[in-house]
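A.B. asks: turn this into a model:
(2 chains)
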There are 2 protein chains.
Amino acid sequence: MPGAGTDRTKEWIGTKGPVIVLVEPQLAENIGAVARAMGNFALSELRLVKPRDGWPNPDASRTASGADRILEEAKLYPTLDAAIADCTLVIAATARQHDQIKEVVGPEQAARDLFPHVEAGNKAALVFGRERNGLEVHEVGLANKILTLPVNPAFASLNLGQAVIICAYEFYKLASGNALPFEMPNFSPPAAKGKFEAFFATVVNELERHEFFRPPEKRDNMIVNLRNIFLRLNPTEQDMQTLHGVVRTLAQGAKGPATGGFFAAERRSCCAIC
Amino acid sequence: MPGAGTDRTKEWIGTKGPVIVLVEPQLAENIGAVARAMGNFALSELRLVKPRDGWPNPDASRTASGADRILEEAKLYPTLDAAIADCTLVIAATARQHDQIKEVVGPEQAARDLFPHVEAGNKAALVFGRERNGLEVHEVGLANKILTLPVNPAFASLNLGQAVIICAYEFYKLASGNALPFEMPNFSPPAAKGKFEAFFATVVNELERHEFFRPPEKRDNMIVNLRNIFLRLNPTEQDMQTLHGVVRTLAQGAKGPATGGFFAAERRSCCAIC
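C.D. replies: From the prediction side, this is the model:
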């Protein structure tokens, strides 16, 4: 099931992206996890070179968690050469140093290489090897570039789906302009200085009334420090109204907004907390 | 097993990083996958709030693939409040929009927030919710910021381990200065212009000899275009020696380097391809 945060009204795939090629993947559950990772980041084209346990494989569907369309449309190839024959940029992922004179990039740079390439209408492939052994030397040799991840050198082996999702994430982050699915709601504009000072005057007055500023020679400095605490809030207009009410309730015992108390006049537009 | 690319001589954890908090995780295999993801990116401290199936749980070890130390040292808490009581920056991951007036960041910005915080010796937490339902409103309310991922809106639900690894990756990328575990080997310096032109003169001479440049009025232009093809190689000194030999073999039938032929005088230092 697509699950949390998924908007079923949105088009399934919106981005041109690289083909993901898996060379002799051993576990169908990893193929499914790769499909899910691709779907999460809007990649659609999966190619499989000789999956160990044959294809199609029903075990893949369980971990795909709804990305079945990617599995159903996955294409099968007898060799890596055949799988990348129509690609004009091929990047091979490997955790091992190869003594090949070939540019080595991380996932972020790979995205920067792939994005303009596919945007221009060219086909590109990101190639991942076997879970146990990765890609062979001659397979890495077919690629234009080598991709590796900045990992903890003491524990460098990523699960196949994890390696794919990091690459897919970096690609989608770039392709989508790093747009997040939602932002902080903008309920209220920032408080103008006048509103802030009106609030702060209430705070100071109430504290004076309760003899907070002692000894008197420290009063001015205490007020400077107290103002700075509230200034660090970067308060909105609503924050100021809310805090104004909080201070009056604490100082004077006025009841909160639900009683039609101090917010009554502004009830419709004001209440950021109730 | 730590597997491909792992260097057993390296210290297991080298980075100060945020605590990862899982709230009521449902599947032990996901807890294991989170531990593996943490190990891959050098995070060490895992906290669990009421895992559904109890703790410790042997099922977690299978997917941890060697990150058992993180599982063994994981701490158990009865509530999220207790799990984050010592943290001074808390970021809650959620795929759903919450109507809370709280800053929303992606994994990259979260890393930029977390890194100076933990570097300064403060404790920070990244909090992830239940696989099925994520975090509850009051749990998100405890956090300083909300984290969400730039995902395909039509398929927005990430596996728990996948969500954690992307955040861990962004943190480690920043903390490690995006250093990759290896680079392109630097076998040879770039070819000086003189070496390049000596090679190119051989190409042109051999092609002249075989009457390649026809008709004669196109000769100069053909040479400009041909030089540009080889210039785009950005050749190294060794590339030039190798290609020099290739051209001579093709044009004159000279045998390759293994015969003690044209590379003989420079044999020790030259051969980039054999």
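
A.B. asks: from the contact counts, what lies against the strand or helix carrying A:Leu174?
C.D. replies: When elements are assigned from DSSP states H and E, A:Leu174 belongs to helix A:160-175. Counting contacts by 3 or more C-beta pairs under 8 Å, 6 or more residues apart in numbering or on different chains; DSSP states H and E, helix A:160-175 is packed against strand A:19-23, helix A:28-40, helix A:107-119, strand A:124-128, helix B:28-40, helix B:160-175. Every residue, glycine included, has its C-beta placed from N, CA and C.

A.B. asks: now do the helix or strand just after that helix: everything it contacts.
C.D. replies: Using DSSP H and E, the next helix or strand after helix A:160-175 towards the C-terminus is helix A:193-209. Contacts with helix A:193-209, where a contact means C-beta atoms under 8 Å, 6 or more residues apart in numbering or on different chains, come from A:191, A:213, A:223, A:226-227, A:230-231, A:235, A:237, A:240, A:243-244, A:247-248, A:250-252.

A.B. asks: recalculate using a threshold of 7 Å.
C.D. replies: Residues from elsewhere that reach helix A:193-209 (C-beta atoms under 7 Å, 6 or more residues apart in numbering or on different chains): A:Phe213, A:Ile223, A:Arg227, A:Phe230, A:Pro235, A:Glu237, A:Met240, A:Leu243, A:His244, A:Val247, A:Arg248, A:Ala251.

A.B. asks: so for stretch A:134-152, what's the average pLDDT?
C.D. replies: The pLDDT scores in stretch A:134-152 average 96.

A.B. asks: which positions within it qualify as buried?
C.D. replies: A:134-135, A:139-140, A:142-152 (16 or more other C-beta atoms under 10 Å in any protein chain shown).

A.B. asks: which one (most neighbours) among the contacts of helix A:193-209?
C.D. replies: Highest neighbour count within those, by other C-beta atoms under 10 Å in any protein chain shown: A:Met240, with 25 neighbours.

A.B. asks: who touches A:Leu22 in this structure?
C.D. replies: A:Ile31, A:Val34, A:Leu48, A:Val49, A:Phe128.

A.B. asks: which residues sit in contact with the last one?
C.D. replies: Right, the one you point to is A:Phe128. Counted by C-beta under 7 Å, 6+ apart, A:Phe128 has contacts A:Val21, A:Leu22, A:Val23, A:Ala93, A:Leu160, A:Ala163, A:Val164.

A.B. asks: show me what the second one is bridged to.
C.D. replies: Beta-bridge pairing of A:Leu22, defined through DSSP bridges, involves A:Leu48, A:Phe128.

A.B. asks: and the residue of the stretch 101-250 of chain A nearest chain B?
C.D. replies: With C-beta to the nearest C-beta, the shortest gap between the stretch 101-250 of chain A and chain B falls at A:Ser157, namely 3.1 Å.

A.B. asks: would you mind measuring from that residue to B:Phe128?
C.D. replies: Distance of A:Ser157 to B:Phe128, given as C-beta to C-beta, to the nearest Å: 22 Å.

A.B. asks: okay, now the domains of chain A?
C.D. replies: Domain ranges of chain A: A:19-175, A:193-270, per automatic domain parsing.

A.B. asks: pick the most buried one from the ones you listed.
C.D. replies: domain A:19-175 (a mean of 20; mean count of other C-beta atoms under 10 Å in any protein chain shown).

A.B. asks: and the end-to-end length of that one?
C.D. replies: End-to-end span of domain A:19-175 (C-alpha to C-alpha, to the nearest Å): 15 Å.

A.B. asks: which ones are touching the residue nearest to the spatial centre of chain A?
C.D. replies: Per C-alpha atoms, centre = their mean, the C-alpha nearest to the average position across chain A is that of A:Leu180, at 6.8 Å. Counting by C-beta under 7 Å, 6+ apart, A:Leu180 touches B:Val104, B:Gly106, B:Thr148, B:Pro150.

A.B. asks: make it 6 Å
C.D. replies: B:Gly106, B:Thr148, B:Pro150 (C-beta atoms under 6 Å, 6 or more residues apart in numbering or on different chains).

A.B. asks: quick check: which of these are also close to chain A?
C.D. replies: B:Gly106, B:Thr148, B:Pro150 (C-beta under 6 Å from any C-beta of the partner chain).

A.B. asks: and of these, the nearest to B:Phe171?
C.D. replies: Among the ones next to chain A among the contacts of A:Leu180, B:Gly106 lies closest to B:Phe171 (C-beta to C-beta), at 12.4 Å.

A.B. asks: quick check: the closest one vs B:Leu135, distance?
C.D. replies: For B:Gly106, the distance to B:Leu135 - C-beta to C-beta - is 17 Å.

A.B. asks: chain B contacts on the stretch 51-200 of chain A?
C.D. replies: So the stretch 51-200 of chain A meets chain B at A:95-97, A:99, A:103-104, A:106, A:134, A:148, A:150-158, A:162, A:165-166, A:169, A:173, A:176, A:178-185 (C-beta under 6 Å from any C-beta).

A.B. asks: the buried residues of stretch A:134-152 in helices, which ones?
C.D. replies: With DSSP state H as the criterion, helices contain A:Glu139, A:Val140 from among the buried residues of stretch A:134-152.

A.B. asks: of the buried residues of stretch A:134-152, which is the nearest to B:Trp55?
C.D. replies: Nearest to B:Trp55 among the buried residues of stretch A:134-152, with distances taken as C-beta to C-beta, is A:Asn152, at 24.2 Å.

A.B. asks: residue contacts, that closest one?
C.D. replies: Residues near A:Asn152 by C-beta under 6 Å, 6+ apart: B:Asn40, B:Phe41, B:Ala42.
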